[in-house]
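1. what shape does this take:
(one chain, ligands or ions: 2)
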Amino acid sequence: MRQPGDIGDVQQMLSQQGYVCGRALATALFLSLRLGRPLFLEGEAGTGKTEIAKAIAAALGRRLIRLQCYEGLDASTAVYEWNFAAQMIALRAAEAGGRADNDALTQHLFTEQFLIERPLLQAMRPQPGGAPVLLIDEMDRTDAPFEAFLLEALSDFQVTIPELGTIKAPEPPIVILTSNRTREVHDALKRRCLYAWVDYPDFEREAEILSARAPELSRTLSREVVAFVQALRTEDLFKKPGVAETIDWAKCLLALDAVTLSPQVVADTLGALLKYQDDIAKMQGSEAARILDQARAALPPA
Ligand SMILES: Nc1ncnc2c1ncn2[C@@H]1O[C@H](COP(=O)(O)OP(=O)(O)OP(=O)(O)O)[C@@H](O)[C@H]1O
Ligand SMILES: [Mg+2]
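-> Numbering: from 1, shown residues only. Ligands and ions are numbered 1, 2, ... in the order given. The predicted structure follows:
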């Protein structure tokens with residue numbers, strides 16, 4: 001698959017995958033591909049950080065390898081583990097067969113046959129379509145020691161397995177890291193990466209995303225939906241709706257055969273947009289109607 005030649009090319013390749021990418025983000029991605037630097041994406045929830053990794057992998061015809069971060073994730077789970085159960089079976093079989101040459105057996109038990117490759121090691125392996133896209137998702141959920149380990153792994157793209165030796169990527173993977181900024185990721189890691197902040201899209205772009213992701217939606221309803229969500233984001237909410245919520249909501253409205261927004265329809269379907277009871281409670285009564293009026297007033301001319 002061809003490499004993008006310029007920023008417009010990146011936008012076009014992503015758009016063929018249904019991903020609408022603004023100029024700033026496309027520039028960051030283009031540079032990251034060109035310079036072979038990891039791309040660090042921070043932003044609100046549901047704004048398309050994870051999705052862009054999937055889209056660029058599909059556009060380039062590369063394998064996507066995802067390392068989902070969580071609290072307590074450690075190097076061994078991220079890189080490799082020995083298949084203990086299979087080792088035990090092999091050991092028992094060797095004992096039963098009377099083959100008790102200990103050294104040979106130990107050597108055999110620590111070969112690739114018994115190795116379980118986790119995402120970071122998989123990403124160092126050659127892949128049919130070229131270097132894979134390695135998505136390190138939700139970095140902010142891990143802790144400092146894991147971050148330090150990642151820093152090292154990302155600097156030389158190699159891992160050492162004591163029993164097997166060092167495995168080095170023939171070609172560095174395309175690395176995309178994401179964070180929801182529940183905590184700050186260490187400067188040392190950020191310094192190694194190109195950085196982009198993924199914000200909520202503006203009206204035009206969100207309408208474009210909606211027509212890519214929910215093409216059945218009528219233009220009128222789509223404009224109303226986007227205007228409403230944009231207005232809702234200006235309210236003081238505990239958790240503002242992301243693009244994912246806009247798409248979900250549009251699908252709910254389609255399922256209900258809604259033709260246009262009304263305060264009633266909005267109130268009935270708020271659960272698709274807001275996921276905290278306090279936020280939903282705030283929208284009770286005349287609030288939804290007020291925001292709807294505000295949204296309609298702000299609608300740009302068709
Ligand atoms: N620019 C975009 N173009 C097309 N679809 C988008 C775009 N942004 C978001 N989406 C849609 O929104 C959904 C959520 O996006 P995604 O999971 O990438 O968000 P995220 O930023 O990773 O959120 P979180 O921080 O919660 O993980 C995707 O499934 C995708 O359909
Ligand atoms: Mg995500």
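
2. all strands of this protein, in order?
-> For the chain, strands defined by DSSP state E occupy the ranges 39-43, 64-68, 80-82, 115-117, 133-137, 158-161, 165-168, 174-179, 194-198.

3. I'd like these as JSON lines, with mean pLDDT, mean neighbour count and distance to ligand 1 appended.
-> Backbone N, C-alpha and C define where each C-beta goes, glycine included. Compiled in JSON lines, the strands of the chain are given as follows (pLDDT from 0 to 100; neighbours: other Cβ atoms under 10 Å; distance: least, Cβ to the nearest ligand atom, whole Å):
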{"stretch": "strand 39-43", "mean pLDDT": "96", "mean neighbour count": "23", "distance to ligand 1": "6"}
{"stretch": "strand 64-68", "mean pLDDT": "97", "mean neighbour count": "19", "distance to ligand 1": "10"}
{"stretch": "strand 80-82", "mean pLDDT": "93", "mean neighbour count": "17", "distance to ligand 1": "26"}
{"stretch": "strand 115-117", "mean pLDDT": "94", "mean neighbour count": "15", "distance to ligand 1": "25"}
{"stretch": "strand 133-137", "mean pLDDT": "97", "mean neighbour count": "25", "distance to ligand 1": "7"}
{"stretch": "strand 158-161", "mean pLDDT": "87", "mean neighbour count": "15", "distance to ligand 1": "26"}
{"stretch": "strand 165-168", "mean pLDDT": "90", "mean neighbour count": "12", "distance to ligand 1": "29"}
{"stretch": "strand 174-179", "mean pLDDT": "97", "mean neighbour count": "26", "distance to ligand 1": "6"}
{"stretch": "strand 194-198", "mean pLDDT": "96", "mean neighbour count": "18", "distance to ligand 1": "6"}
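
4. can you pull the contacts of the residue in the stretch 1-150 of the chain positioned nearest to ligand 1?
-> When distances are taken as Cβ to the nearest ligand atom, the stretch 1-150 of the chain reaches nearest to ligand 1 at G48, 2.4 Å away. If you count contacts by Cβ atoms under 8 Å, 6 or more residues apart in numbering, G48 has them with Y19, V198, I209, V243.

5. quick check: closest non-adjacent residue to the third one.
-> In space, not counting the residues next to it along the chain, I209 is nearest to V20; the distance is 4.6 Å by Cβ to Cβ, 6 or more residues apart in numbering.

6. residues from the stretch 151-300 of the chain in reach of ligand 1?
-> T178, N180, I209, A212, R213, V243, A244, I247 (Cβ under 6 Å from any ligand atom).

7. of those residues, select the buried ones using a ChimeraX command.
-> Buried residues among these (16 or more other Cβ atoms under 10 Å), as a ChimeraX selection:
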select :178,180,209,213,243,247
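
8. circling back to that earlier point, between the strands of the chain, which gets nearest to A144?
-> strand 174-179 (13.9 Å; Cβ to Cβ).

9. the closest one pairs with which strands?
-> strand 39-43 (parallel), strand 133-137 (parallel) (DSSP bridges).

10. which residues are in contact with that strand?
-> 32-33, 38-42, 49-50, 52-53, 56-57, 60, 62, 131-140, 154, 185, 189, 193.

11. for A231, see how far away the spatially closest residue to P4 that is not a sequence neighbour is.
-> Nearest residue to P4, sequence neighbours excluded (Cβ to Cβ, 6+ apart): V10, at 4.5 Å. The gap separating V10 from A231 is 31 Å, by Cβ to Cβ, to the nearest Å.

12. also R63?
-> Taken as Cβ to Cβ, the span from R63 to A231 is 41 Å.

13. please apply the same query to E152.
-> Counting by Cβ to Cβ, the gap from E152 to A231 is 46 Å.

14. between the two, which one's more packed in?
-> The neighbour comparison of E152 against A231 (other Cβ atoms under 10 Å) goes to A231, with 19 against 11.

15. tell me the confidence at that one?
-> In this model, A231 is scored at 95, pLDDT.

16. show me the contacts for it.
-> I291, Q294, A295, A298.

17. just these: which are in helices?
-> Among those, the members falling in helices (DSSP state H) are I291, Q294, A295, A298.

18. what about the residue lying closest to L151 once chain neighbours are set aside, how many neighbours?
-> Distances taken as Cβ to Cβ, 6+ apart place L189 nearest to L151, at 5.2 Å, with adjacent residues excluded. L189 is flanked by 19 other residues according to other Cβ under 10 Å.

19. which residues touch L189?
-> F40, M139, E147, L150, L151, L154, L177 are the contacts of L189 under Cβ under 8 Å, 6+ apart.

20. distance to I161 added to the residues you listed, as CSV?
-> Listed next are those as CSV, based on distance: Cβ to Cβ, whole Å:
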residue, distance to I161
F40, 27
M139, 24
E147, 21
L150, 17
L151, 19
L154, 18
L177, 24
